[in-house]
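S.K.: Give me a model of this one.
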Amino acid sequence: MRHDDWPAPEEGLVLTHFLTVRDVARSRAFYTDVFGGQVVLDENPCIVKVANTWIIMNPGGGPTPDKPDVTLRPPEPGDPVSAFLNVRVADIATFHAEARRKGAEFLTEPLDRKAEIRCYLRDPDGYLIEVGQATGMLDGIFADPPPGSTS
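M.R.: Just a heads-up that it's a prediction; the model follows:
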């Protein structure tokens, strides 16, 4: 394995995203199949390189000495969403069609939001993933503010 395949910068930092998953093999397959990820490490933890970032996956568990008051668990159906993956693609129609062919289930078809075209899907554990393609924002056109906002 090449050094560049690991989330280990020679200087500075890199950002990765850790997901607590129920079934490592199922999640690993999802991120390799749907997003074209490359498995860097199968388990303990699973590391999948996706484009220019890494998804790190491991089962949940209770507190450890380095996180004494933290319990990790995947989301339950109906849990509020406080964070999600945001994936940017060059061609959302192509990505959407390919991902559906590979078994991904989207909440809606891609919708034009003026600044971008976007849609959402969930991974096998229910994590929300936004997939978007910048369109209008490249020309200074942005989405309308939410109703009632003062912006």
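
S.K.: So which residue is smack in the middle of the chain?
M.R.: Per C-alpha atoms, centre = their mean, the C-alpha nearest to the average position across the chain is that of L85, at 3.4 Å.

S.K.: The closest residue to that residue other than its chain neighbours pairs with what?
M.R.: Nearest non-adjacent residue to L85, counting by C-beta to C-beta, 6 or more residues apart in numbering: I129, 4.5 Å away. (Glycine included, C-beta is placed from N, CA and C.) Beta-bridge partners recorded for I129 (DSSP bridges): L85, L121.

S.K.: where does the protein have low pLDDT?
M.R.: When residues are selected by pLDDT under 70, those of the chain lie in 1, 151.

S.K.: Walk me through the domains of it.
M.R.: Domains of the chain are assigned by automatic domain parsing as 1-65, 75-151.

S.K.: picking that back up, if I pick the residue nearest to the centre of the chain, what's in contact with it?
M.R.: Residues in contact with L85 (C-beta atoms under 8 Å, 6 or more residues apart in numbering) are H17, Y127, L128, I129, E130.

S.K.: what helix or strand does the nearest residue to V87 once chain neighbours are set aside sit in?
M.R.: Leaving aside its chain neighbours, V87 sits nearest to V131 (4.9 Å; criterion: C-beta to C-beta, 6+ apart). Per DSSP states H and E, V131 falls inside strand 128-134.

S.K.: how distant is that strand from the center of its chain?
M.R.: Its chain's C-alpha centre and that of strand 128-134 lie 9 Å apart, by C-alpha atoms, centre = their mean, to the nearest Å.

S.K.: if we look at the sheet, which residues does M57 bridge to?
M.R.: L19, C46.

S.K.: Kindly report the same for V39.
M.R.: Beta-bridge partners for V39, by DSSP bridges, are V48.
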